[in-house]
Every structure is written in structure tokens, then in C-alpha cells.
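Undergrad: Any chance you could fold what I've pasted below:
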Amino acid sequence: MTLDLDFSGKTVMVTGGGRGVGKGIVEAFLRAGADVEICGRTEPEDGALVDGRRAFFSGADVRDPETVDRWVADVVDRRGRIDVVVNNAGGSPFTRFEEGSPRFYSAITELNFLSAAFVSRAAYPHLRHSRGSVINVTSISARRPSPGTAIYGAAKAALENLTRTLATEWAPDVRVNAVSCGLVATEAGLDHYGTPQQYAQVEETIPRGRLAAPFEIGASCVMLASSLSSHTTGAILDVDGGGEWPAFLRYTPNAEVFRLREESES
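TA: Here you go, the predicted model:
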């Protein structure tokens with residue numbers, strides 16, 4: 001068996017691939033030689049560029065199943081195949097649960113869960129033919145409290161369950177895995193995490209001392225889609241820098257030890 005990270009001649013579809021984490025995923029697959037297809041409601045002004053190659057953009061709302069079907073059919077018409085689907089589209093504004101409307105709940109669920117179901121279902125016959133894979137981008141919010149983004153966290157938890165279920169249903173033809181993101185440094189990082197001082201304080205909560213770069217999420221997706229992961233399916237890969245420091249450590253006799261270690265490494 002060879003270990004291959006060369007995706008030349010292969011088609012990779014990435015939902016929401018124009019910015020943030022999606023842009024990092026696109027860059028990683030472009031660097032691996034893949035032909036990358038992205039979609040969204042607005043074409044990105046500054047998409048990933050690798051050796052003069054960019055992803056092909058299609059205007060599509062992945063929350064609409066008929067639009068998804070047309071996007072998948074168009075990709076197959078132009079490329080002739082689909083090898084990897086990365087369900088990356090997602091997100092949520094901060095909203096207290098009791099202040100969210102039913103329409104808001106539905107929109108967040110559609111974007112973060114149902115869109116992945118629609119795209120995976122539409123692409124399945126082509127992935128089965130190519131013996132390809134699906135990678136769902138989830139979040140640490142799926143497995144810990146998510147105050148302010150409750151529906152987002154619940155939708156990502158549902159997506160992790162769908163990942164494991166489809167890995168079983170679609171075996172052995174199609175592998176289905178997920179990358180669970182911790183905190184990621186995107187273009188909107190300061191808007192999301194606050195002032196530079198607050199941003200730095202957030203980084204201190206992560207054992208590795210920093211947020212992930214979008215490309216690091218993308219590199220993990222490439223690994224899961226490659227022959228390096230040929231027997232891996234139904235897995236949830238945490239890319240979170242070690243998660244979060246256990247809060248109790250601040251109040252134990254060892255708190256000073258951890259503080260001094262952080263200072264010595266800075």
C-alpha cells in the first residue's frame with residue numbers, strides 16, 4: 001500500500017469555501033493538486049490562490065435541496081467525477097436562546113446540519129463510484145455547552161451523529177468522517193473574540209497557547225480524504241490545540257506551576 005497525498009485529477013467539493021475555515025480547506029486541497037469546487041450565495045473577492053489555480057465558484061444556497069442537486073449535477077457535467085465532499089458551510093450569530101425566533105432556529109439548523117445532509121445525499125452516487133469520502137466540519141460546541149449559540153451546538157452534535165451513521169450505512173464504498181474545530185483564527189477573529197487583549201486571553205485558555213490557522217483545519221481534511229486514512233471512517237478528529245485548560249487547575253496548589261510553565265514558553 002502506498003501513502004498518497006496527491007489529489008491530481010480528483011474533484012473536491014467544499015461548501016462555504018470562500019473565506020475563513022473554508023478558505024483554508026480550499027487552499028490545502030489546491031496544494032494537494034485537486035480540482036476544487038466551492039459554492040455560496042456571494043462569490044469571494046479574494047479566494048485561495050495556489051500556483052495560479054483557484055477554486056471554481058458556483059452560486060448556490062446549500063440550504064435548498066433542489067439547488068444542491070443542480071450544483072452537484074453541474075460539477076459532474078464539467079468534471080466527470082466527485083471524489084471528496086467537505087461540508088464546511090455553517091456558523092451562527094451570538095443570540096440568547098430565549099431571544100431566538102422559530103425562524104432563526106430553523107435557519108441555523110438548515111445551515112449547520114441539513115445542508116450537509118442535502119449535499120452528501122446528492123453526491124452519494126458519484127462518491128460511491130469513485131470510492132470517495134465525505135468530511136463534515138463540526139465544532140467543539142457539539143460536545144460542550146454552547147451558551148449564546150445553543151442551536152448551532154445542537155446542530156453540530158446532530159452532524160456528528162450523522163457522520164457516524166452514514167459511515168456505517170455507506171460502508172465499504174464511501175468513507176464518512178468529521179473534523180471538529182476548536183477556536184480558529186479567521187479574518188473576523190477580533191470581531192468575534194473582542195479586543196486584542198481579550199483575543200490573547202482567549203488564546204491562553206488553549207493548551208497549545210493559540211488558535212488554529214484555517215489551513216491547519218484544511219490539512220486535517222486532506223489527511224482524512226487521503227490514503228493515509230484508508231481504513232478510517234466514522235471518526236471525529238479533534239483539531240483544537242488540546243481543547244481547553246480544566247478550570248479547576250486555577251484553584252489548586254499546582255496553578256503556579258502551570259502559570260510559570262506558560263511564562264517560560266512565551
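Undergrad: Just name the shakiest helix or strand of the chain by mean pLDDT.
TA: In the chain, no helix or strand scores lower on mean pLDDT, DSSP states H and E than helix 255-265, which sits at a mean of 57.
Undergrad: Name the next helix or strand downstream of the strand or helix carrying residue 28, please.
TA: Assessed by DSSP states H and E, residue 28 sits inside helix 20-31. Downstream of helix 20-31, the first helix or strand assigned by DSSP H and E is strand 35-40.
Undergrad: Now do that following strand: which elements does it pack against?
TA: The elements that strand 35-40 packs onto, with contact taken as 3 or more C-beta pairs under 8 Å, 6 or more residues apart in numbering; DSSP states H and E, are strand 11-15, helix 20-31, strand 56-59, helix 65-79. Backbone N, C-alpha and C define where each C-beta goes, glycine included.
Undergrad: what sits opposite residue 180 in the beta ladder?
TA: residue 138, residue 238 (DSSP bridges).
Undergrad: Next, count neighbours for it.
TA: Residue 180 has 23 neighbouring residues, counting by other C-beta atoms under 10 Å.
Undergrad: What residues does residue 220 make contact with?
TA: By C-beta atoms under 8 Å, 6 or more residues apart in numbering, the residues touching residue 220 are 179, 237, 239.
Undergrad: Let me have these in JSON lines, extended by distance to residue 127, pLDDT and neighbour count.
TA: Shown next, in JSON lines, are those (distance: C-beta to C-beta, whole Å; pLDDT from 0 to 100; neighbours: other C-beta atoms under 10 Å):
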{"residue": "179", "distance to residue 127": "17", "pLDDT": "98", "neighbour count": "27"}
{"residue": "237", "distance to residue 127": "19", "pLDDT": "98", "neighbour count": "19"}
{"residue": "239", "distance to residue 127": "23", "pLDDT": "96", "neighbour count": "18"}
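Undergrad: Let's have the residues you listed in CSV, adding distance to residue 107.
TA: Shown next, in CSV, are these (distance: C-beta to C-beta, whole Å):
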residue, distance to residue 107
179, 23
237, 28
239, 26
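Undergrad: Right, I'll call it a day here.
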